[in-house]
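Visitor: pasting the sequence and the predicted coordinates here, then a few questions.
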2 protein chains.
Amino acid sequence: MRLLPLVLALSLAAASSAAATASGAWSVLRTVTDAPTAASSDDADTLFCDSWRLSVETANAGPWGAIPVRCVAFVQAYMEGPRYASDSAVAAADSLAFASGALAAAEAGAAKPAWVFDVDETLLTNAPYYAVNGWGSQEFNETSFDEWVDAAKAPALPSSLKLYKELQGLGFHIILLTGRTEFQRNSTEANLLFAGYQSWEKLILRQPSDIGKTAVLYKSERRAAMEAEGFKILGNSGDQWSDLIGPPMATRSFKLPNPMYFIS
Amino acid sequence: MRLLPLVLALSLAAASSAAATASGAWSVLRTVTDAPTAASSDDADTLFCDSWRLSVETANAGPWGAIPVRCVAFVQAYMEGPRYASDSAVAAADSLAFASGALAAAEAGAAKPAWVFDVDETLLTNAPYYAVNGWGSQEFNETSFDEWVDAAKAPALPSSLKLYKELQGLGFHIILLTGRTEFQRNSTEANLLFAGYQSWEKLILRQPSDIGKTAVLYKSERRAAMEAEGFKILGNSGDQWSDLIGPPMATRSFKLPNPMYFIS
C-alpha cells in the first residue's frame, strides 16, 4: 500500500478519536457516521420532510397516499416559496438543453419529432386549489377538484410555458396527454388557452374505455399509438413517474416536482 | 360553472393586482408566477444548487461531468451536514418497508429472493476521498482514487449497513455488484469487512471482458445472469441510475443520493 498523505491522515484520524483537530476528511468521517441531528423539532421536520420529498421525486417512496402530517408546513413553504419555481425551471432548462441536439439527430429520419406534456402540475399548476385543501394532506375530493377544473383558472407553471414555446419554436409537435377525462375537454382547452398555451398538435384525454386503467398503462398505450402514427417521441415531461415510465418511453423523460400527491 | 368560494376568491385576486391582501391562494398565484428570487448571492447559489441536485437525483440532468463551480460549497455542506445522512436513511427506510412484503409475496415461488447492492456511495462512502479532492469539482483522477481503494478504509454508509443487516435477517441473498475491477477484489473485500459488512452471497466485479462497457450494460448483463441462476432480484440499491436501469430490473429500485459524480 502506498501511503498517500490523504490515506495517512485518515488512518491516523480513524485510529484516535483524540485527533479532533478536524482535517476535512476526518470531519466527514465523523459526520457520516453520526445519525442525523437537528437543533429543534422544526429543523428535524424540515430535515425529514426534505428527505421525504427526495424519496418521492426519485420514486423510492413507491405508492403513497397523503403527505406526512408533519410535512404540511414544509410542502406549503416549498410550493409558495422560491424552491418549487426553481426546481421547475431547472427541469425545463434540462429539457431544452436536450431538445436541440435531439432534434438535430432525429431530423435525419422520417418520423415527426414530438414532445409529450402532461397537464396538471406540468403545464398548469393546481397550487391555488391545494393551498385551500391542505397541500396534499387531505384525502382527494373528486367533487371539489372537478369544480376547480371546470372553473378553468389554473395558472401556467411559468417555466413550462416558456419551454413549451421554445419547443414549438424548434419545430416540435406538441402532444398533451392527460389523465383528465374526455368530459373535461372543454374546460381543459379553455384553461390551457387562459394560461397562454396555444397550437398543440392534439390533446388526449381518458376515454370511457380508459376508466380504471392505471396512468402507466393508459399513457403507455397512447404513446404507442403516437409512434404508430409516425411521431418520434423525443421528450416527455410530467410530474408523476406514471407519466413517464412504461413502453414505449420517450428518448428522454423529465420529472417535474410534485410533493402534493401521487398517481400510479 | 359553480362559483365555489375558492374559485370566486381566485377570480377576484387574478382580476386585480391591488388585491394584495394575500389570501393563501393568491399568494401562491403570485409566487408561482414570479421568477425565483433570493436575498443574496449565497442564497441564489443554494437555491440553484439544490435544484441542480434534484435534477441529478431524478436523472433530468442526463450525463454530466464535474459539479457546477458555484455548487462546491453546497455539495460540501450537503455531504458533511445532516442532509446526506438523512436522505440516505429515508432511502433505506423505503427499502426496508418494501422488503418485508416483497419477501412474503415472493416466497410462494421457487426463486431465491435477492437484493443487489452497489458498493461505492452505496455500501461504502468515499466522502473522505472527495473531501480532499474538490467534492466532484475536479476531473476524476484514476490514480489517486485507485490508491484510496487500495487503502480499504472507506467507511460504511451507516443507513446502508443497517439495511444490509436487516435484509439478511429477513432472509435475502445479498449480491454485491460493483463497477470496480477484479484486480480490486482483495481491497474491496477488506474494505467491506473493515466497514462491518459480512456474509454476502457473492461480490461481482468487472472482468477484463467488461472493460469499456457502460455500467448500464455491464450491470444489466449480471442481473440477467443472477436470474438465470435462480435468484429473484426483489430490490436493488445504488447511487447511480446506471446501477438500476436496463433489463432485467429489480422489482423495486432505490436511488441513493450522490451529488458528487455521474456514471453512465
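Guide: Cool, the structure landed.
Visitor: if we ignore the residues flanking it in sequence, what's nearest A:Ser88?
Guide: A:Ser159 (4.6 Å; C-beta to C-beta, 6 or more residues apart in numbering or on different chains). C-beta coordinates here come from the backbone N, C-alpha and C atoms, glycine included.
Visitor: give the next helix or strand downstream of the helix or strand where the one you found lies.
Guide: According to DSSP states H and E, A:Ser159 maps onto helix A:158-170. Sequence-wise, the next helix or strand downstream of helix A:158-170 (DSSP H and E) is strand A:173-181.
Visitor: and that next one, how far out from the chain middle?
Guide: Chain-centre distance of strand A:173-181: 16 Å, with C-alpha atoms, centre = their mean, to the nearest Å.
Visitor: so where do the strands sit in the stretch 51-200 of chain A?
Guide: Secondary structure of the stretch 51-200 of chain A, counting by DSSP state E, counting those that start in this stretch: strands at A:112-117, A:173-181.
Visitor: please work out which of those is packed deepest.
Guide: Greatest average neighbour count among the strands of the stretch 51-200 of chain A goes to strand A:112-117 (a mean of 24), per mean count of other C-beta atoms under 10 Å in any protein chain shown.
Visitor: give me every residue that touches A:Asp146.
Guide: Residues in contact with A:Asp146 (C-beta atoms under 8 Å, 6 or more residues apart in numbering or on different chains) are A:Gln184.
Visitor: I'd like the distance between it and A:Phe262.
Guide: 19 Å (C-beta to C-beta, to the nearest Å).
Visitor: again with A:Glu147
Guide: Remark: distance between A:Glu147 and A:Phe262 (C-beta to C-beta) = 22 Å.
Visitor: helix, strand, or coil at A:Glu221?
Guide: Under DSSP: H, G, I helix; E, B strand; the rest coil, A:Glu221 falls in the helix class.
Visitor: contacting residues for it?
Guide: So A:Glu221 contacts A:Lys213 (C-beta under 8 Å, 6+ apart).
Visitor: what do you get for A:Thr181?
Guide: A:Leu205, A:Arg206, A:Gln207, A:Ile211.
Visitor: same thing but 7 Å
Guide: A:Thr181 makes contact with A:Leu205, A:Arg206, according to C-beta atoms under 7 Å, 6 or more residues apart in numbering or on different chains.
Visitor: beta partners for it?
Guide: A:Arg206 (DSSP bridges).
Visitor: got it, and A:Ala114?
Guide: Beta-bridge partners, per DSSP bridges, of A:Ala114: A:His173, A:Ile233.
Visitor: next: A:Phe254.
Guide: With DSSP bridges applied, A:Phe254 shows beta-bridge pairing to A:Ser237.
Visitor: touching, A:Trp148 and A:Tyr129? I think so.
Guide: Yes. A:Trp148 lies in contact with A:Tyr129 (C-beta atoms under 7 Å); the separation is 4.5 Å.
Visitor: tell me, how many residues neighbour A:Asp87?
Guide: A total of 28 residues lie near A:Asp87 under the criterion other C-beta atoms under 10 Å in any protein chain shown.
Visitor: per-residue pLDDT, it?
Guide: For A:Asp87, the pLDDT comes out at 98.
Visitor: which other helices and strands does the longest helix along chain A contact?
Guide: Under DSSP state H, the helix in chain A containing the largest number of residues is helix A:82-106. Judged by 3 or more C-beta pairs under 7 Å, 6 or more residues apart in numbering or on different chains; DSSP states H and E, helix A:82-106 is in contact with helix A:158-170, strand A:231-238, strand A:252-255, helix B:41-57.
Visitor: can you give the distance of it from its chain's centre?
Guide: Relative to the centre of its chain, helix A:82-106 is centred 12 Å away, using C-alpha atoms, centre = their mean.
Visitor: which of the helices and strands packed on helix A:82-106 sits closest to A:Arg180?
Guide: Each of these has some distance to A:Arg180 by C-beta to C-beta; the shortest is strand A:231-238, at 13.3 Å.
Visitor: neighbouring contacts of the closest one?
Guide: Contacts of strand A:231-238 (C-beta under 7 Å, 6+ apart): A:95, A:98-99, A:102-103, A:106, A:109, A:111-118, A:122, A:173, A:223, A:226-227, A:243-244, A:250-254, A:256.
Visitor: out of those, which are buried?
Guide: Taking 16 or more other C-beta atoms under 10 Å in any protein chain shown as the criterion, what is buried in the contacts of strand A:231-238 is A:95, A:98-99, A:102-103, A:106, A:112-118, A:122, A:173, A:223, A:226, A:243-244, A:250, A:252-254, A:256.
Visitor: these two touch, right, A:Thr214 and A:Ile245?
Guide: No. Contact status for A:Thr214 versus A:Ile245: not in contact, 10.7 Å apart, counting by C-beta under 7 Å.
Visitor: so these two - more neighbours on which side?
Guide: Between A:Thr214 and A:Ile245, counting by other C-beta under 10 Å, A:Ile245 is the more crowded of the two (16 against 13).
Visitor: so where does that one fall, helix or strand?
Guide: Counting by DSSP H and E, A:Ile245 is part of no helix or strand.
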